[in-house]
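Chemist: Turn this into a model:
(chains A and B)
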Amino acid sequence: MTRTASPRVEGYAALAGAAFVAALALRRPELAVAGAPFALVLALGLRLARDPRVRLGLELETTRTLEDSRVAAELTVRGETAVDRLELFLDLPADVEVAEAAAAAAIRLRPGEERSLPFELRCRHWGVHRVGDIEVRVRDPLRLVVWEERFALGTTLKAYPREEQLDRLLAPLQTRALTGSDVARTKGDGIEYADLRDYVPGDRLRSINWRASARRTSLVVNERHPERNTDVVLLVDSFSDVRGPSRSTLDEAVRATAALATRYLDRRDRVGLVSFGGLLRWIQPGLGLVQRFRLIESLLETGVSPTYAWRNVNVIPGRALPSKALVLGLTPLVDPRFVSAIQDLRARGYDVAVVEIDPAGAVEPGRSEAERLAYRLWLLQRETLRSQLVRLGIAVSRWDASSPLEVPVEEVRTFRRYARLARV
Amino acid sequence: MRGGDLVLQVGIRMAAVAIVVLVIALVLGWARLVPLALGLLGGVYALYLAADDPPIDVATPVFAAGLLVAAELAYWSLEERENVSAERGEVLRRAAIVAVEGAIALVLGAGLLALADAARTRGLAVDLFGAAAAAAALLLLARLARR
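Modeler: Numbering: from 1, shown residues only, chains lettered A, B, ... in the order given. So this is what the prediction gives:
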């Protein structure tokens, strides 16, 4: 522990010294008497101050939590020597706070005494947070000496993004061969009714539609749509993050991606992730709970890595973008490299839809006339960009966190229901 | 204006300045101003002693104890500026320590004052002994502070 003198030492020494000098100069013993208590406190305090020995341990109830949820924690402190006042300061990241208490506590320890200090942590923001750094300050009984040490207990807390409300999902144009929850456009064994056709030898008797057959002269059978699963690739734009006072487009994109991934995986679809930006991160499509954790843990590391290099979809591995996959882009449509990548994917025949994380709310229109004009021009430019994407057959819907994620998903569904499939 | 009145007025102004300096130190958290404020109060007392020149001031132990308690409370106040949740009873315990320090200062002051009063008429040798003791005390302080 680093030992330093408190401001008292300097102050008391100055007062005692001045009193003694004044007593000699003025030949008044009263002034020496006035300075003597300060000298006594200094002499006693410095003589009695002993270097303390303290041990610390931090335990978290869990190392994984949800945004805005609380995690119980316990700080264990053991004093090898007597400690008159032990101040503990939790050095927490900006997005983590101690719930309903101060992040600092002061206790007194007898020799060999062990104390447990329970508290609760709350993560205000998703991410991987390091919470094990503790600043310790010890004071002696007369508060003349201060010992300080920083303990790095190396505990990380992962806060997963909170889930967005999402009941209906975007259906893909094409499905895979495996069984899932999507009604395929093809005909085969399934539950959903598709059409009627004439009976041919080999058809199962249970598929004969007896009512329709009675109205005709020949047997007819029901045709059905099979239930299949699909590949969904969530393409997150990490080229740019438009930050306002209370929102960030990247944060909202990550929350939306986590919600979409969870819901698609619940439907037994294969979900993959491509974080396309300065750093390329990708996870090839997969199924199940493990894939869910893999995706969300990867999302936690998503951040903007500034780069000026031009990137296109060629840098994305083929395994991460299977053919017939539904590619769902989550982007503020700010960086031309991401827009170009979306257009490129559409041109290669992928089924592409875009949820635009609307950055307009995070940008101030400005005060001067010129600034407001620039803002309006920028909005018009964005409208033009959206129109270009729509003309390519890419459904684009705007979303900000003030509305449920269902709204843009429903918009895209509606667009795809009524728009013609563009073959490019 | 008589000399006594002038000293009184200067003393009142110095005391007022000392209080303002102490308030600034506490509000802004500048610990270095605390000894300056208390030094000014000591200066007022020295001025009074120099002007009135009483044989021996019996109120000195009270002044010494008061000065120490004021210093302790000022530094305590500065230490509590940080938002640290202390245990129950911590404030009472600290207040008791400050009170004990004040009481010890009172007793020590009274003892030293009695000693000084007894030594007052003993001549140059006692004065030299006193000066040597003061210098030794300062040296001891400097040595302890360096540790």
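Chemist: surely residue A:194 meets residue A:187?
Modeler: Yes: counting by CB atoms under 8 Å, residue A:194 does reach residue A:187; the two are 5.1 Å apart. In this view, the C-beta of every residue, glycine as well, is placed from N, C-alpha and C.
Chemist: Could you check which of these two has the larger neighbour count?
Modeler: Remark: of residue A:194 and residue A:187, residue A:194 carries more neighbours, 17 against 13, as counted by other CB atoms under 10 Å in any protein chain shown.
Chemist: residue contacts, the more buried one?
Modeler: The contact partners of residue A:194, by CB atoms under 8 Å, 6 or more residues apart in numbering or on different chains, come to A:187, A:222-225.
Chemist: Doesn't it belong to a strand?
Modeler: Yes: the assignment for residue A:194 (DSSP: H, G, I helix; E, B strand; the rest coil) places it in a strand.
Chemist: ok, now how distant is it from residue A:203?
Modeler: Residue A:194 is 14 Å from residue A:203, where distance means CB to CB, to the nearest Å.
Chemist: go on, residue A:333?
Modeler: 50 Å.
Chemist: more crowded one of these two?
Modeler: Between residue A:333 and residue A:203, residue A:333 has the larger neighbour count (other CB under 10 Å), namely 23 against 16.
Chemist: And for that one, nearest residue in space, chain neighbours not counted?
Modeler: residue A:356 (5.2 Å; CB to CB, 6 or more residues apart in numbering or on different chains).
Chemist: how much space between that neighbour and chain B?
Modeler: To chain B, residue A:356 is 43 Å away according to CB to the nearest CB, to the nearest Å.
Chemist: element containing that residue, please.
Modeler: Using DSSP states H and E, residue A:356 maps to strand A:351-357.
Chemist: ok, and for the lengthiest helix in chain B, which residues are buried?
Modeler: Ranked by residue count, the top helix of chain B under DSSP state H comes out as helix B:90-119. When burial is assessed from 16 or more other CB atoms under 10 Å in any protein chain shown, helix B:90-119 yields the following buried residues: B:94, B:97-98, B:101-102, B:104-106, B:108-110, B:112-113, B:116.
Chemist: Would you mark the buried spots in stretch A:236-243?
Modeler: Buried residues in stretch A:236-243, counted by 16+ other CB under 10 Å: A:236-242.
Chemist: Next step: those restricted to strands.
Modeler: Cross-referencing the buried residues of stretch A:236-243 against strands under DSSP state E gives A:236-238.
Chemist: want to try TSV for the residues you listed, with pLDDT as columns?
Modeler: Formatted as TSV, those follow (pLDDT from 0 to 100):
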residue	pLDDT
A:236	91
A:237	90
A:238	86
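Chemist: Output the residues you listed as TSV; include the columns distance to residue A:146.
Modeler: As requested, those are exported to TSV (distance: CB to CB, whole Å):
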residue	distance to residue A:146
A:236	48
A:237	50
A:238	45
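Chemist: just to revisit the earlier point, can you tell me which of the buried residues of stretch A:236-243 is closest to residue A:282?
Modeler: Residue A:282 lies nearest to residue A:236 out of these, by CB to CB, at 10.3 Å.
Chemist: Just give me the closest of the buried residues of stretch A:236-243 to residue B:47.
Modeler: Distances from residue B:47 to the buried residues of stretch A:236-243, taken by CB to CB, are shortest for residue A:241, at 65.9 Å.
Chemist: Show the pLDDT at the closest one.
Modeler: Note on residue A:241: pLDDT of 86.
Chemist: Mind telling me what element the closest residue in space to residue B:117 that isn't next to it in sequence is part of?
Modeler: Nearest in space to residue B:117, with sequence neighbours left out and distances taken as CB to CB, 6+ apart, is residue B:56 at 5.0 Å. Under DSSP H and E, no helix or strand contains residue B:56.
Chemist: Pretty sure residue B:56 sits against residue A:30.
Modeler: Yes: using CB under 8 Å, residue B:56 is in contact with residue A:30, at 7.2 Å.
Chemist: hey, what's in contact with both of those two?
Modeler: B:113, B:116.
Chemist: Which of these two has more residues huddled nearby?
Modeler: When neighbours are counted by other CB under 10 Å, residue A:30 comes out ahead of the other of residue B:56 and residue A:30, with 28 against 14.
Chemist: Counting by contacts, list what the helix or strand where the more buried one lies packs against.
Modeler: Taking DSSP H and E as the definition, one finds residue A:30 inside helix A:29-48. For helix A:29-48, the elements it packs on are helix A:7-26, helix B:33-52, helix B:60-79, helix B:90-119, helix B:124-146, judged by 3 or more CB pairs under 8 Å, 6 or more residues apart in numbering or on different chains; DSSP states H and E.
Chemist: pLDDT of the fourth one, averaged?
Modeler: This points to helix B:90-119. The pLDDT scores in helix B:90-119 average 88.
Chemist: Select the longest helix from chain A.
Modeler: Longest among the helix segments of chain A by residue count, using DSSP H, is helix A:369-391.
Chemist: Give me the nearest residue to residue 30, chain neighbours excluded.
Modeler: Chain wasn't specified; assuming chain A. residue B:60 (4.1 Å).
Chemist: To clarify, I was referring to chain B.
Modeler: Nearest residue to residue B:30 in three dimensions, chain neighbours excluded: residue B:24, at 7.0 Å (CB to CB, 6+ apart).
Chemist: Tell me, how many residues neighbour the one you found?
Modeler: Neighbours around residue B:24, by other CB under 10 Å: 14.
Chemist: And residue A:114, by the same measure?
Modeler: When neighbours are counted by other CB under 10 Å, residue A:114 registers 11.
Chemist: Which strand or helix spans the residue lying closest to it once chain neighbours are set aside?
Modeler: Once flanking residues are discounted, residue A:114 sits nearest to residue A:78: 4.4 Å by CB to CB, 6+ apart. If you go by DSSP H and E, residue A:78 is part of strand A:70-79.
Chemist: Repeat that for residue A:119.
Modeler: Assigned by DSSP H and E, residue A:119 falls within strand A:114-123.
Chemist: how close does residue B:38 sit to residue B:105?
Modeler: 13 Å.
Chemist: same check, this time on residue B:85
Modeler: Using CB to CB, residue B:85 is found at 31 Å from residue B:105.
Chemist: No more questions from me, cheers.
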